[in-house]
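Visitor: A structural model of the following input is requested.
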Amino acid sequence: MKIIDSIRIKYFRSILNTTRGNQTHLSTSDINIIVGSNDAGKSNYLRALSLFFNNHSEPGMPFSFWKDYSNQRHGIRREENRIEIELIINPPLKQAFKNNGKVRWSKIWKEGSTIPAEKIEYLDGSEFTSNKRSSYYKWLKKLKFRYIPAIKSEQYFSDLMYDLYDVLQEDTNELEKEFNQQVGEKTLLISQQLNSRLNIESVLQYKGSFRDLFNSLEFGSKDGKQMLSQRGDGIKVRHIPIILQNIAEAELRENRHREPIANTIWGFEEPENNLEYDSARKLAESFIEYANKIHFGNAEYSKYDEGIQLFITTHSPIFYTISNVDSDKINSFFVKKQNDDSSSIKHIANENSIRIETEMKLLPLFELSKHWQQINNQIQILEQEKREIENQLDTFSNTHKCIFLTEDKKKGLVDKFLSANRFKMAEVDLRSYKGCTNLGSAEVLYKYLKDKYEDNCPIIIVHRDKDYLTEKEIREEKDKFERIGMHLFITEGTDIESYFVRPNHVIKCHNEIDSKKLNELIKQAKEENRDKAISLLRIKEYGEKHKDKRSHLSDFIPQFYSANEDRLFHGKAVYRRLKGLIQEEFRYNAQIDTATEELIDNELQIIHQKIWN
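Guide: Numbering: from 1, shown residues only. Model prediction:
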């Protein structure tokens, strides 16, 4: 929710004046990302908002004029020493107020006073009703600004628990009564003896504030063995937004008759601190959610829920680049230290973002962040493969001489192919196992079996289709597996099926077919799938995204395919089409999935010798 429409700050700490240059106010959005180098003054913009709403610039510290007054103004007597903050406020869209136009809300702190002079007026200068009967005025006064400092101390967490109690206080009244009732029941005998011996009615009970008791509460595991205070800083930090979101949600539920609903603004300083990359990315995504809504339960409250407004200082490209998600709701600002040590702030437009990223020396990190989703997807795939391997490790044994891991989901043709290469299938553990075509996954399996069976470990063969790998790529892949003591079998053609459309093999399966006619059928099957094979070659060369691009080399791939069709045709497609053509021509099902000596592969013969010789 865009509560603060714009900001003007004058003479606060390093901020001399946000209206320098042509801008009269600093326009904001639902989410505001403030970036800049260390000590540029980013946090002072959050502290200024904290001063405006909470009358202190730092949590737990009372307001001190000379601490918050701009250093650059010290000693200047041309005008009165003062701090000025002015906000243009948007009224809530889901709450109906009389005369609910935008207002200009200004506060001025003067030397020697801790209470600011305040003025609220409509943007057109007309008078604003500032009394306790005005719902608009009460809503303004109920606005919450929660400042989350970069260093989350124990005192900060303590104050956070106080805040949580304050919004849950109404719900804890029954808890307080029940607690005293339980104490009374446990100490009933003492109370009875006091009454009988001293003639005094006296019941043990808790009359303090449950607020103090709530402060001693702590998040932890259900068994109480691992408390939040014992966890790493990263885990603690990840609790904060969820607690704050629930506080804001509780304030939203506080729907008193004819009373406005409180809205919330967060000032979050360096949320990436102590978070690894993926956790920081998830937090950034949750911020986008919170900007739209804070209540994720009962739909009853959605009629008031407009989300929260966020102001975030960061050095992290993760938070900076979320502005790419929705430019209408997210603004980015760059803070820079000037020669006089004052801070200037500018909105980051697309045209100067590269210059700013370069100036901050973070361009490589920003580039990494832009590609993070792709990298993260690959990590997720690898983690899934690892889990699949771990789940199946115990199912492997040394009762077989050979473990053959194939990337093909259907093992029928692979079984026939190995049988044709004289593998003793009773001694082969044949598995479809996608994960094992990855070197790391295969290495895990090999080490597991090697450690478990030592010298009696079965030989492991990993099969992958050649597809459109170059000879150099094939050699590199095989070298990787050989270094860890495994065999990588790569097909001669694009896949296993390419063996089963060899003319001599098909003749062995159907000796009634004339060789000339068979060659015509094979040629037709290849020709019908020519475009598919060329498209796959283009993807291999240019990538999926640019497979259709045109260049001076566009005609080379079809020519290259034509010159090397026998090893580049798409085996699976040609195999399926050839079976169909044989059925169409001769009116019976093709039996070309039979094992014959024409399927023999020289590389597999060498491996066969190692296993059964």
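Visitor: contacts and neighbour counts: CA atoms only from here.
Guide: Fine.
Visitor: For the closest residue to Asp328 other than its chain neighbours, list the residues it contacts.
Guide: In space, and not counting its chain neighbours, Asp328 is closest to Ser29: 7.7 Å by CA to CA, 6 or more residues apart in numbering. By CA atoms under 8 Å, 6 or more residues apart in numbering, the contact list for Ser29 reads 2, 4-5, 309, 328-331.
Visitor: Starting from the helix or strand where Gln181 lies, tell me the next helix or strand along the chain.
Guide: Assessed by DSSP states H and E, Gln181 sits inside helix 154-186. Scanning forward in sequence from helix 154-186 by DSSP H and E, the next helix or strand is helix 188-198.
Visitor: Quick one: residues in contact with that following helix.
Guide: With CA under 8 Å, 6+ apart, helix 188-198 has contacts from 200-204.
Visitor: and if we set it to 10 Å?
Guide: When contacts are defined by CA atoms under 10 Å, 6 or more residues apart in numbering, helix 188-198 is touched by residues 182, 184-185, 199-204.
Visitor: Could you do stretch 56-70 as well?
Guide: Residues contacting stretch 56-70 (CA under 10 Å, 6+ apart): 10-17, 44-51, 54-55, 74, 81-84, 109-115, 146-149, 155-156, 159, 342.
Visitor: let's see it at 6 Å
Guide: The list of residues contacting stretch 56-70 from outside it, by CA atoms under 6 Å, 6 or more residues apart in numbering, reads 11-14, 47, 50-51.
Visitor: just curious, which of the contacts of Ser29 is nearest to Val462?
Guide: Nearest to Val462 out of the contacts of Ser29 is Ile330 (CA to CA; 49.1 Å).
Visitor: my read: the closest one touches Ile33, true?
Guide: No: if you go by CA atoms under 6 Å, Ile330 and Ile33 don't touch, sitting 7.5 Å apart.
Visitor: Please parse this structure into its domains.
Guide: As given by automatic domain parsing, the domain ranges for the chain are 163-234, 378-529+569-612.
Visitor: most neighbours per residue, which of these?
Guide: Greatest average neighbour count among those goes to domain 378-529+569-612 (a mean of 17), per mean count of other CA atoms under 10 Å.
Visitor: measure Ser50 to Phe268 for me?
Guide: 11 Å (CA to CA, to the nearest Å).
Visitor: Ok, Leu521 next?
Guide: As judged by CA to CA, Leu521 and Phe268 stand 70 Å apart.
Visitor: Of Ile330 and Ile33, which one has the most company?
Guide: A count of neighbours by other CA atoms under 10 Å puts Ile33 above the other of Ile330 and Ile33, at 26 against 20.
Visitor: Tell me which helix or strand that one sits in.
Guide: Using DSSP H and E, Ile33 falls in strand 31-36.
Visitor: Which strands and helices lie in contact with that strand?
Guide: Here strand 31-36 is seen to pack against strand 309-314, strand 330-337 when contacts are counted using 3 or more CA pairs under 6 Å, 6 or more residues apart in numbering; DSSP states H and E.
Visitor: CSV for those, including distance to Ser126 and mean pLDDT?
Guide: Output for these, formatted as CSV (distance: least, CA to CA, whole Å; pLDDT from 0 to 100):
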stretch, distance to Ser126, mean pLDDT
strand 309-314, 27, 93
strand 330-337, 30, 88
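Visitor: Out of these, indicate the one that is most buried.
Guide: Of those, strand 309-314 is the most buried (mean count of other CA under 10 Å), at a mean of 26.
Visitor: residues making contact with that strand?
Guide: Contacts of strand 309-314 (CA under 6 Å, 6+ apart): 1-2, 30-35, 265-270, 291.
Visitor: Paired strands for that strand, with orientation please.
Guide: According to DSSP bridges, strand 309-314 forms sheet pairs with strand 31-36 (parallel), strand 264-269 (parallel).
Visitor: CSV for these, including mean pLDDT?
Guide: Below are the strands paired with strand 309-314 laid out as CSV (pLDDT from 0 to 100):
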stretch, mean pLDDT
strand 31-36, 90
strand 264-269, 92
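Visitor: Give me the distance between stretch 133-147 and the centre of its chain.
Guide: Distance, stretch centre to chain centre, for stretch 133-147: 34 Å (CA atoms, centre = their mean, to the nearest Å).
Visitor: May I see the buried residues of that stretch?
Guide: 134-140, 142-147 (16 or more other CA atoms under 10 Å).
Visitor: Figure out the length between the terminal residues of it.
Guide: By CA to CA, the extent of stretch 133-147 from end to end equals 29 Å.
Visitor: who's in contact with that stretch?
Guide: Residues outside stretch 133-147 that contact it (CA under 6 Å, 6+ apart): 97, 130, 260, 262-267.
Visitor: of the residues you listed, buried ones?
Guide: Counted by 16+ other CA under 10 Å, the contacts of stretch 133-147 give 97, 260, 262-267 as buried.
Visitor: Next, give me the two most distant ones among the residues you listed.
Guide: Most distant of the buried ones among the contacts of stretch 133-147, by CA to CA, are Phe97 and Gly267, 26.5 Å apart.
Visitor: mind listing what the residue lying closest to His347 once chain neighbours are set aside touches?
Guide: Using CA to CA, 6+ apart and skipping residues adjacent in sequence, the residue nearest His347 is Phe333, 4.4 Å away. Phe333 sits next to 34, 346-348 when contact means CA under 6 Å, 6+ apart.
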